[in-house]
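Participant: sequence first, predicted model second:
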Amino acid sequence: METVVTVLVLLFVVFVALGVFAAVKVVGAAKRSVDRTITQARRTVEDHTLRAKSFAQPGPAGELAQLRLTLRTSMRATQDALYAGVREDESLKESIALFERLSAHGRELDTDLKRLEADPDRATLSERLPVLRERTRRITESAESLRWAARDRARRFADDDLDTLSAQIDMEAGALRHWTTAEPTTEHTTGPAAGPAAGRTAASPAPGADSPTWSGAPRQASAEEPARPAITPSGRRPAYPWQKKPRPESTT
């Protein structure tokens, strides 16, 4: 009895532990989903705000907003392209490592641009704009280089796979149409299966066999066969040398 109670207690503890573990997993997944949604919503709001500032605020403030928008758009597009391509191409891991290093410079530049947006000294801001513009150009060009290289690599693999598939389909189509190129075969009678007529040729037919007479001329009798009239006269039978001559009938 005590053993049964112990087993039941252990099973209860195991079920409770599994339930707690599943609950923690569900809560963690829900929290990550909520965080992702909040982050995405925050990015969307910031992008729309920067786009509005770039059109509404003239001068250095509007240009700073435009630089931030260009930087964020380029970095996000490159990140999406690399992380989506690494699932099928493991060689992109090195590109992702380079992009992470580039992202550090991009985040630093975005922080500087965001801080300068609230700077009241517009004269100093105008002097620093060329440097900020050059930094933004270099970072975005590097990001675009990685992004387009990854896309070109993926497209090249797709083209190679399509070429291989097309060649295989052409071979299969040719095999399915094999009857259009087959030539008629001629039979030859060789070996002992040809029978007694295997040694005969068209020029020397077998003795006693009728050769074809396409002109209608009768065949000639051989030397061993006696000549016979075409039509035997009525009342007379052919005479043979081994027969005796008939005696004449007596008149008396």
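Facilitator: Ah, there it is.
Participant: when you work out contacts or count neighbours from here on, use the C-alpha atoms and nothing else.
Facilitator: OK.
Participant: can you pull the domain assignment for the protein?
Facilitator: Here the domain parsing of the chain from automatic domain parsing is 8-56, 58-174.
Participant: could you export the ones you listed as a markdown table, including mean neighbour count?
Facilitator: Converted to a markdown table, the domains of the chain look like this (neighbours: other CA atoms under 10 Å):
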| stretch | mean neighbour count |
| --- | --- |
| domain 8-56 | 13 |
| domain 58-174 | 15 |
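Participant: could you identify which of these has the lowest mean pLDDT?
Facilitator: Per-stretch mean pLDDT for the domains of the chain is lowest at domain 8-56 (a mean of 75).
Participant: what segments of the protein are helices?
Facilitator: 2-56, 60-85, 93-117, 122-176 (DSSP state H).
Participant: hang on, the earlier thing: can you lay out the domains of the chain as a markdown table showing distance to E2?
Facilitator: What follows is the domains of the chain, written out as a markdown table (distance: least, CA to CA, whole Å):
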| stretch | distance to E2 |
| --- | --- |
| domain 8-56 | 10 |
| domain 58-174 | 54 |
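Participant: for M1, find the nearest of those.
Facilitator: In terms of CA to CA, the element of the domains of the chain nearest to M1 is domain 8-56, at 10.8 Å.
Participant: residue ranges with poor pLDDT in the stretch 151-252 of the chain?
Facilitator: Per-residue confidence for the stretch 151-252 of the chain (pLDDT under 70) gives these ranges: 180-252.
Participant: check contacts around the closest residue to I96 other than its chain neighbours.
Facilitator: Setting aside the residues directly before and after it, I96 is nearest to L82 in space (CA to CA, 6 or more residues apart in numbering), at 6.4 Å. L82 makes contacts with L92, S95, I96, R147, A150, as judged by CA atoms under 8 Å, 6 or more residues apart in numbering.
Participant: the last one against V86, yeah?
Facilitator: The one in question is A150. No: counting by CA atoms under 8 Å, A150 stays clear of V86, with 9.3 Å between them.
Participant: which residues do the two both contact?
Facilitator: Common neighbours of A150 and V86 (CA under 8 Å, 6+ apart) are L92.
Participant: got the contact list for L71?
Facilitator: L71 touches G106, D110, T136, I139, T140, counting by CA under 8 Å, 6+ apart.
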